[in-house]
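**Q** The following comprises the amino acid sequence and a computationally predicted model.
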Amino acid sequence: MTTPLGIDPVSFGDTTGFDLRPLAPARRPTFLAFSPPLIGEEEIDEVVDTLRSDWISTGPKTRRFATDFARYVGAPDALALNSCTAGLHTALVTLGIGPGDEVITTPMTFSASVNVVEHVGARPVMVDVEPDTLNIDPAAVERAITPRTRAIIAVHYAGHPAELDALRALAREHGLALVEDAAHALPARYKGLAIGAGENPVAFSFYATKNLTTGEGGMLTGGVDFLDRARVVSLHGMSRDAWRRYDKGGSWRYDVLLPGFKYNMSDIQAAMGLCQLAKLDGFQRRRREIVRMYNAAFGESGSLELPAERREIEHAWHLYVLRLRLETLSIGRDRFIDELTNRNIGTSVHFIPVHMHPYYRDKYGHAPDDFPITLDAFQRMLSLPLNPRMTDEDVADVIEAVLEVVRTHPR
């Protein structure tokens, strides 16, 4: 079914039709970007220091950043890479997952979480999410396990940790690997322990919008022996990296042990990461302040469903995802976003479910309602600005705009 404008309302999440009244005028004089990075003079100075040094690719700062990061999250070891995607792919390759294997994961994620399963030739098996956190549902995971299942990829959606105890129990019972996609989850905690503190593989993202940024970049944490093997996979399958070949006392000799990848982080990126890591606790305090202001303002509205935060976890608050109660509004999610944009408030949607993208829809025959909780959430969700650059005035502008749209468009 399409609207008179030729837009499929199921694909775009607007199931209540189109309100063609003129949009309201902007309230803010300038546009509030959804998620700009917070870069200070410290990062700039550290990058300049790197550019003036003997090392700009993988070298001493990359090694120090990985060491400091492992210490920060309490991980046995850490491997700095060029993306979270690289971390997930490296983990699957190191685990020996390939053709004929199945990996269970969630459709409520960015496509990279599922693409890596395709990259190793395995079959991604998606299951639905829990209604409150939108994290992968352990009960659905259990139902999906077959003799071919080799691993579970759990995504800590928006920064809220998935139900790790239940997932770990399933992994132990069925002899599966548990890989965590923690792109949103720095510095989240589950029952007192930081995400990334365990022996299993956990991949983090340092993309420009993340709680800690190196522009592009990522980190893989896990056991020491596992990361020793992953280190070889991540750099052409070589037995020695550039730091061990070209530093004083290094040897030019190396062996290629397997056909690996080019996933290393550079010292330029690590220079930013070292400064960002030192600031991360302060960044998080500001994120939590903004969340408290949002929750206080939106909690009394019958048209807005607030993001969940279970008692046993510490949320990283990478995203603040509202869900609209569409039965109380005369407009749908897409029009709601347009109204906010017209008021100079930037937003986003996290995410278009993976099973609705043409590649996965067509290859595996998925329909939008295969995962009804995921579909319902997608049709109602929008992400509000949440970053430590925001002033109290910025937060107030977001709150005023959201509540004004709610008041202007009741059903």
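**A** Nice, thanks for sending it over.

**Q** Quick check: the residue nearest to residue 68 when sequence neighbours are not counted vs residue 171, distance?
**A** Spatially, and ignoring its direct neighbours in sequence, residue 68 is nearest to residue 277 (5.9 Å; C-beta to C-beta, 6 or more residues apart in numbering). Bear in mind the C-beta positions are built from the backbone N, C-alpha and C, glycine included. Using C-beta to C-beta, to the nearest Å, residue 277 is found at 29 Å from residue 171.

**Q** now residue 184
**A** As judged by C-beta to C-beta, residue 184 and residue 171 stand 21 Å apart.

**Q** doesn't residue 116 make contact with residue 105?
**A** No. Applying C-beta atoms under 8 Å as the test, residue 105 and residue 116 come out as separate, 9.4 Å apart.

**Q** Need the overlap of contacts for those two.
**A** Taking C-beta atoms under 8 Å, 6 or more residues apart in numbering as the criterion, residue 105 and residue 116 both touch residue 153.

**Q** where along the stretch 201-350 of the chain do the helices fall?
**A** 224-234, 242-246, 267-298, 333-342 (DSSP state H, counting those that start in this stretch).

**Q** Residue 369 is nearest to which of the ones you listed?
**A** Nearest to residue 369, of all those, is helix 333-342, at 16.9 Å by C-beta to C-beta.

**Q** Can you mark which positions in the closest one are buried?
**A** For helix 333-342, burial by neighbour count (16 or more other C-beta atoms under 10 Å) applies to 333-337, 339-340, 342.

**Q** average model confidence for it?
**A** Average pLDDT, helix 333-342: 98.

**Q** and if you look at stretch 45-59?
**A** Per-residue pLDDT over stretch 45-59 has a mean of 96.

**Q** end-to-end on that stretch?
**A** 18 Å (C-alpha to C-alpha, to the nearest Å).

**Q** pull the longest strand from the protein.
**A** The single longest strand within the chain, with elements called by DSSP state E, is strand 149-155.

**Q** what pairs with it, and is each one parallel or antiparallel?
**A** Sheet pairing of strand 149-155 (DSSP bridges) gives strand 102-105 (parallel), strand 177-181 (parallel).

**Q** and the last one with helix 224-234, angle?
**A** What that stands for is strand 177-181. 70 degrees (axes from the mean of the first three to the mean of the last three C-alpha atoms, to 10 degrees).

**Q** same for the helix or strand just after strand 177-181, what does it pack against?
**A** Of the helices and strands lying after strand 177-181 in sequence (DSSP states H and E), the nearest is strand 189-190. Here strand 189-190 touches strand 313-314, going by 3 or more C-beta pairs under 8 Å, 6 or more residues apart in numbering; DSSP states H and E.

**Q** tell me the average confidence for the strand it packs on?
**A** The average pLDDT within strand 313-314 is 98.

**Q** what sits against residue 397?
**A** Contacts of residue 397 (C-beta under 8 Å, 6+ apart): 27-28, 32, 343-345.

**Q** Please pull out the lowest mean pLDDT helix or strand from the chain.
**A** helix 9-12 (a mean of 37; mean pLDDT, DSSP states H and E).

**Q** related to what we said a few turns ago, will you turn the strands paired with strand 149-155 into JSON lines that also has mean neighbour count?
**A** Formatted as JSON lines, the strands paired with strand 149-155 follow (neighbours: other C-beta atoms under 10 Å):
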{"stretch": "strand 102-105", "mean neighbour count": "24"}
{"stretch": "strand 177-181", "mean neighbour count": "26"}
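
**Q** which one of the ones you listed lies closest to residue 227?
**A** Using C-beta to C-beta, the strands paired with strand 149-155 put strand 177-181 closest to residue 227, at 13.3 Å.

**Q** quick one: contacts of the closest one?
**A** Contacts for strand 177-181 (C-beta under 8 Å, 6+ apart): 84, 88, 91-92, 95, 97, 109, 113, 150-156, 162, 164, 167-168, 171, 195-196, 200-203.

**Q** Spatially nearest residue to residue 382, not counting backbone neighbours?
**A** Nearest non-adjacent residue to residue 382, counting by C-beta to C-beta, 6+ apart: residue 347, 5.1 Å away.

**Q** can you list the weak-confidence ranges in the stretch 1-150 of the chain?
**A** Within the stretch 1-150 of the chain, the stretches with pLDDT under 70 are 1-26.

**Q** Likewise for the stretch 251-400 of the chain?
**A** 251.

**Q** how about a cut-off of 80?
**A** Within the stretch 251-400 of the chain, the stretches with pLDDT under 80 are 251-252.

**Q** Beyond the least confident helix or strand of the chain, next helix or strand please.
**A** Sequence-wise, the next helix or strand downstream of helix 9-12 (DSSP H and E) is helix 41-51.

**Q** Which neighbouring elements make contact with that next one?
**A** helix 267-298.

**Q** Helix 41-51 and the helix it packs on, what's the angle between them?
**A** Orientation note: helix 267-298 sits at an angle of 160 degrees relative to helix 41-51 (the same axes, to 10 degrees).

**Q** Can you give me the buried ones in helix 267-298?
**A** Buried residues in helix 267-298 (16+ other C-beta under 10 Å): 267-277, 280, 283-284, 286-287, 290-291, 293-294, 297-298.

**Q** In this structure residue 386 contacts residue 288, no?
**A** No. Contact criterion C-beta under 8 Å: residue 386 and residue 288 do not qualify, at 10.1 Å.
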